[in-house]
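A.B. asks: no FASTA, just this:
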């Protein structure tokens, strides 16, 4: 059985030290523990239907109407499966349907950004021939169709970041151009529909992360190549990047999540561009001090290519990923008050990495697609915390932990639900 954590030709270009395929003997077992009912730590259940296509390295964007746009991705274990198709997940029905029309270009390792006008900007990525793209397009939810932007990006790039700024523009930073990381950055202006150059990154990087801080600046950290520990801040007022404190460990294929307290949680990744370097460590960036510090405890499992989602109860859900054993079914929750991780009540319904993880308006999390030890996935599942089963779970702020049937406004609402089911 072959396990790819990216396509072979891509990693020949990008991750030269990485062996693309991990061979597992036919006796390798993937143990899926049964999901147990636990209102406080949450469980996973399959969606009513799978996606219309298997895909990984896709994007997922919550639209103003609450539906989720899943666009592009790759659906083969090689570089030949870039998709132009896109689909919508309807939380009310639990099903996926194709959009009215496909994207203007097949792409994966692209970015997708919800704009203030409700449209979605999709930019860059790789095509079927592993060529980086400069093209960009807009999805219009009212029409269900895609249309090219007035002009393409300034540079071809994939594995870049895209961040919506407070002024409504989108910062596109770094990425890979053919076989080299780029330092160039550009801004998309929805008003003009065009891209313009802005200040360059201090360090060229791809497969990094970007997080919009509460002060309006953008934290860009880590990435490749080599595996980077450096970090920098983009100041929209000046249009420039400046160095900030470094990560405690160089990492790529990790996640960054802005927490309610303004800090940024950095989780996992790989330290040497291979599965043997999978990290269980996590760290926090403090904007006031401009420094990273290790969390009080590591994750329950080392992982890269995972996903992380901030929940309404302010915990962070970390799902899947991969390490030297292959794709993972495990998931865990980070408690920002304690700075510790605990496993969810049960694992995911499928092992997956390079998937999407999206917080829905109802408080549940949609986990979709990805890559498994046996190939690309069309399956999807939902994570939810709750509903409560006894009044004790409603006490001392416990009502805040439930996402099913929704976050309660107060303790009395929680107790009423226990008593009446309403």
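C.D. replies: Nice, thanks for sending it over. This structure is a prediction, so every number in the text was calculated from the model and none was measured. Numbers count the residues shown, from 1 in each chain.

A.B. asks: count of neighbours near the closest residue to residue 361 other than its chain neighbours?
C.D. replies: Nearest non-adjacent residue to residue 361, counting by CB to CB, 6 or more residues apart in numbering: residue 66, 4.6 Å away. In this view, the C-beta of every residue, glycine as well, is placed from N, C-alpha and C. If you count neighbours by other CB atoms under 10 Å, residue 66 ends up with 13.

A.B. asks: surely residue 66 meets residue 88?
C.D. replies: No - applying CB atoms under 8 Å, one finds residue 66 not in contact with residue 88, separated by 10.4 Å.

A.B. asks: next, residue 304: phi, psi?
C.D. replies: phi -140, psi 160 (degrees, to the nearest 10).

A.B. asks: got the contact list for the helix ranked longest in the chain?
C.D. replies: Under DSSP state H, the helix in the chain containing the largest number of residues is helix 411-420. Helix 411-420 has contacts (CB atoms under 8 Å, 6 or more residues apart in numbering) with 387-391, 393-395, 397-399, 402, 405, 408, 422.

A.B. asks: bridging residues for the residue nearest to the spatial centre of the chain?
C.D. replies: Per CA atoms, centre = their mean, the C-alpha nearest to the average position across the chain is that of residue 307, at 4.7 Å. Note on residue 307: beta-bridge partners by DSSP bridges are residue 319.

A.B. asks: let me know the pLDDT of it.
C.D. replies: Here the pLDDT value assigned to residue 307 is 98.

A.B. asks: in this structure it contacts residue 367, no?
C.D. replies: Yes - with contacts counted by CB under 8 Å, residue 307 reaches residue 367, the gap being 7.1 Å.

A.B. asks: shared neighbours, the two?
C.D. replies: 319, 320, 355, 356, 357.

A.B. asks: contacting residues for the residue nearest to residue 361?
C.D. replies: Residue 66 touches 91, 92, 360, 361, counting by CB under 8 Å, 6+ apart.

A.B. asks: can you tell me the closest non-neighbouring residue to residue 71?
C.D. replies: residue 86 (4.1 Å).

A.B. asks: measure that neighbour to residue 58 for me?
C.D. replies: 9 Å (CB to CB, to the nearest Å).

A.B. asks: common neighbours of the two, please.
C.D. replies: Common neighbours of residue 86 and residue 58 (CB under 8 Å, 6+ apart) are 70, 71, 72.

A.B. asks: in JSON lines, list these along with secondary structure, pLDDT and neighbour count.
C.D. replies: Formatted as JSON lines, the shared contacts of residue 86 and residue 58 follow (DSSP: H, G, I helix; E, B strand; the rest coil; pLDDT from 0 to 100; neighbours: other CB atoms under 10 Å):
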{"residue": "70", "secondary structure": "strand", "pLDDT": "98", "neighbour count": "28"}
{"residue": "71", "secondary structure": "strand", "pLDDT": "98", "neighbour count": "29"}
{"residue": "72", "secondary structure": "coil", "pLDDT": "98", "neighbour count": "26"}
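
A.B. asks: wait, isn't the residue nearest to residue 71 in contact with residue 97?
C.D. replies: No - if you go by CB under 8 Å, residue 86 and residue 97 don't touch, sitting 10.4 Å apart.

A.B. asks: before we move on, back to that, closest to residue 186 among the shared contacts of residue 307 and residue 367?
C.D. replies: residue 356 (24.4 Å; CB to CB).

A.B. asks: in the stretch 51-200 of the chain, where is pLDDT below threshold?
C.D. replies: Applying pLDDT under 70 to the stretch 51-200 of the chain flags the ranges 79.

A.B. asks: quick one, strands of it?
C.D. replies: Listed in chain order, the strands of the stretch 51-200 of the chain (DSSP state E, counting those that start in this stretch) span 59-62, 68-71, 86-90, 95-98, 111-114, 120-123, 136-140, 145-148, 161-164, 170-173, 176-177, 180-181, 185-189, 194-198.

A.B. asks: part of a strand, is residue 276?
C.D. replies: No - the assignment for residue 276 is helix, going by DSSP: H, G, I helix; E, B strand; the rest coil, so no strand is present there.

A.B. asks: against residue 324, how distant is it?
C.D. replies: For residue 276 relative to residue 324 (CB to CB), the value is 6 Å.

A.B. asks: I'd guessed residue 166 sits against residue 236; true?
C.D. replies: Yes - counting by CB under 8 Å, residue 166 touches residue 236, with 7.1 Å between them.

A.B. asks: need the overlap of contacts for these two.
C.D. replies: With CB under 8 Å, 6+ apart, residue 166 and residue 236 have common neighbours residue 216.

A.B. asks: that older thread, now the residue nearest to the centre of the chain: how far from residue 385?
C.D. replies: Residue 307 is 17 Å from residue 385, by CB to CB.

A.B. asks: residue 331 too?
C.D. replies: For residue 331 relative to residue 385 (CB to CB), the value is 12 Å.

A.B. asks: ok, residue 272 next?
C.D. replies: In terms of CB to CB, residue 272 sits 35 Å off from residue 385.

A.B. asks: who's more crowded, those two?
C.D. replies: Using other CB under 10 Å as the criterion, residue 272 and residue 385 rank with residue 385 on top: 28 against 17.
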